[in-house]
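>>> only geometry, no sequence info:
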């Protein structure tokens with residue numbers, strides 16, 4: 001059991017995400033997890049509204065996922081992927097090729113979603129072999145915290161401004177202004193188009209989160225914008241790299257968010273929910289033309305295609321394809337719209353938006369994470385705010401009653417803020 005002494009040691013010696021050891025944010029010790037519930041060391045139980053940062057779509061301690069990883073563990077936990085292959089990697093690749101658009105034929109497994117982005121950028125540079133070396137993206141995007149991935153995250157309002165002077169300098173268009181449900185405005189695309197047409201022969205690729213900008217602001221843009229990006233890539237002959245790390249496997253209301261725009265990328269990046277939140281794993285998928293153009297790719301993570309990760313990912317994705325995930329997501333979406341909608345009109349709230357199993361309350365001013373999180377924990381829910389955003393993306397197995405408690409707690413805290 002996690003003791004008070006253990007928590008004190010953690011506070012003094014253990015780094016946690018997006019906090020400083022000199023003045024760390026509070027942490028809560030978790031003893032176990034089941035379904036959508038986190039059992040704290042102090043005896044309290046919290047409804048998890050975060051699915052461990054989008055990943056645990058089936059909830060915690062799922063018997064099928066437990067069984068898959070236990071079965072694989074009895075055979076081998078890991079083996080190098082250089083010159084060796086194994087059934088979990090083969091079967092997972094087969095399934096990913098089957099459920100994604102026909103044009104996406106090849107799979108490169110890596111350590112995480114962020115590394116999947118690194119691999120995608122490296123692939124694009126390999127593909128052009130020095131003839132093109134510039135990437136274009138939009139402000140408000142987020143693609144991970146590793147080094148090259150940071151270079152295509154928002155350089156001003158993102159989390160990586162301290163590294164701006166040492167990162168590659170890529171091109172950033174204005175964030176799409178037309179929201180998901182609004183009437184499309186063709187002028188919205190002019191910023192990106194103008195930027196690309198300044199040097200069309202030097203653009204290696206356009207990098208986008210389809211429809212949903214995640215950690216860059218939890219913003220949902222219009223599907224036509226994504227269509228225009230695909231058309232522009234075709235016009236100038238550059239690659240379209242789509243980051244479905246957060247949105248893949250049903251989170252947005254489509255199996256993949258790119259389906260809203262009816263587009264197929266040249267390179268697709270997957271992660272997070274790929275393993276159902278059990279293991280870290282990323283996948284970078286490409287068309288055959290990209291794979292042939294890249295040729296020899298000098299990249300080989302030590303734990304590439306880890307058998308445990310591949311086996312539990314195979315089970316997780318299989319479960320997604322077998323379940324009526326779309327009904328679950330529609331149910332969650334309806335409850336989020338109803339529950340979080342109560343925050344509209346609250347003086348401190350700037351906006352409320354929902355898409356699929358993603359709910360966002362945007363405050364008018366940045367929240368005090370420690371204060372708001374404590375208030376939510378006191379109400380029996382786990383939500384991790386950032387910036388001005390109090391947002392949720394719960395496991396798909398969350399019940400209506402749990403959703404009601406989750407949204408009710410958020411609205412109540414927003415009224416107090």
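Cool, the structure landed. Quick caveat, the model's predicted, so the values are computed rather than measured.

>>> buried stuff in stretch 88-99?
88, 89, 92, 93, 95, 96, 99 (16 or more other Cβ atoms under 10 Å). (C-beta placed from N, C-alpha, C; glycine too.)

>>> same check, this time on stretch 273-292
273-287, 290-291.

>>> for residue 67, give me its contacts.
By Cβ atoms under 8 Å, 6 or more residues apart in numbering, the contact set of residue 67 is residue 315.

>>> measure it to residue 311 for me?
Using Cβ to Cβ, to the nearest Å, residue 67 is found at 10 Å from residue 311.

>>> same deal with residue 195?
43 Å.

>>> repeat that for residue 378.
From residue 378 to residue 311 the distance is 39 Å (Cβ to Cβ).

>>> ditto for residue 64
From residue 64 to residue 311 the distance is 12 Å (Cβ to Cβ).

>>> have a look at those two and say which one is more surrounded.
Shown here are residue 64 and residue 311; by other Cβ atoms under 10 Å, residue 311 has more neighbours (28 against 15).

>>> could you give the bridge partners of the closest residue to residue 33 other than its chain neighbours?
Distance criterion Cβ to Cβ, 6 or more residues apart in numbering; nearest residue to residue 33, sequence neighbours excluded, is residue 60 at 3.5 Å. In this entry, residue 60 is beta-bridged to residue 35, by DSSP bridges.

>>> surely residue 60 is in contact with residue 39?
No. Counting by Cβ atoms under 8 Å, residue 60 stays clear of residue 39, with 9.7 Å between them.

>>> between the two, which one's more packed in?
Between residue 60 and residue 39, counted using other Cβ under 10 Å, the more crowded position is residue 60 (24 against 16).

>>> where exactly do the helices run in the stretch 101-250 of the chain?
Using DSSP state H, counting those that start in this stretch, the helices of the stretch 101-250 of the chain run over residues 113-128, 147-150, 190-197, 223-236.

>>> tell me which strands and helices the helix or strand residue 89 falls within is in contact with?
Using DSSP states H and E, the element containing residue 89 is helix 87-99. Here helix 87-99 touches strand 104-110, strand 282-287, helix 307-322, going by 3 or more Cβ pairs under 8 Å, 6 or more residues apart in numbering; DSSP states H and E.

>>> what about that helix, average pLDDT?
Throughout helix 87-99, pLDDT has a mean value of 98.

>>> got it, and stretch 208-215?
96.

>>> check stretch 229-237 too.
pLDDT averaged over stretch 229-237 gives 98.

>>> flag every buried residue along that stretch.
Per 16+ other Cβ under 10 Å, stretch 229-237 contains these buried residues: 229, 230, 232, 233, 236.

>>> list the contacts of the fourth one.
Residue 233 makes contacts with 205, 206, 239, 240, 266, as judged by Cβ under 8 Å, 6+ apart.

>>> and these, which two are the farthest apart?
For those, the farthest-apart pair by Cβ to Cβ is 206 and 266; their separation is 9.7 Å.

>>> identify the contacts common to the two.
Both residue 206 and residue 266 are in contact with 233, 239, 240, 241, where contact means Cβ under 8 Å, 6+ apart.

>>> tell me what the last one is bridged to.
Right, residue 241. The residues that residue 241 bridges to, once DSSP bridges is applied, are residue 207, residue 267.

>>> that one: what's it in contact with?
The neighbours of residue 241, taking Cβ under 8 Å, 6+ apart as the test, are 120, 121, 124, 205, 206, 207, 208, 265, 266, 267, 268, 269.

>>> nearest to residue 344, of those residues?
Once Cβ to Cβ is applied, the member of the contacts of residue 241 that ends up nearest residue 344 is residue 208, at 29.1 Å.

>>> got the domain boundaries for the protein?
4-61+324-416, 76-322 (automatic domain parsing).

>>> for the residue most central in space within the chain, give its distance to residue 407.
In the chain, the C-alpha nearest the mean C-alpha coordinate belongs to residue 246, at 2.0 Å (Cα atoms, centre = their mean). Noted for residue 246: a distance of 21 Å to residue 407, by Cβ to Cβ.

>>> over to residue 1?
Taken as Cβ to Cβ, the span from residue 1 to residue 407 is 32 Å.

>>> neighbour-wise, which of those two wins?
Using other Cβ under 10 Å as the criterion, residue 1 and residue 407 rank with residue 407 on top: 25 against 7.
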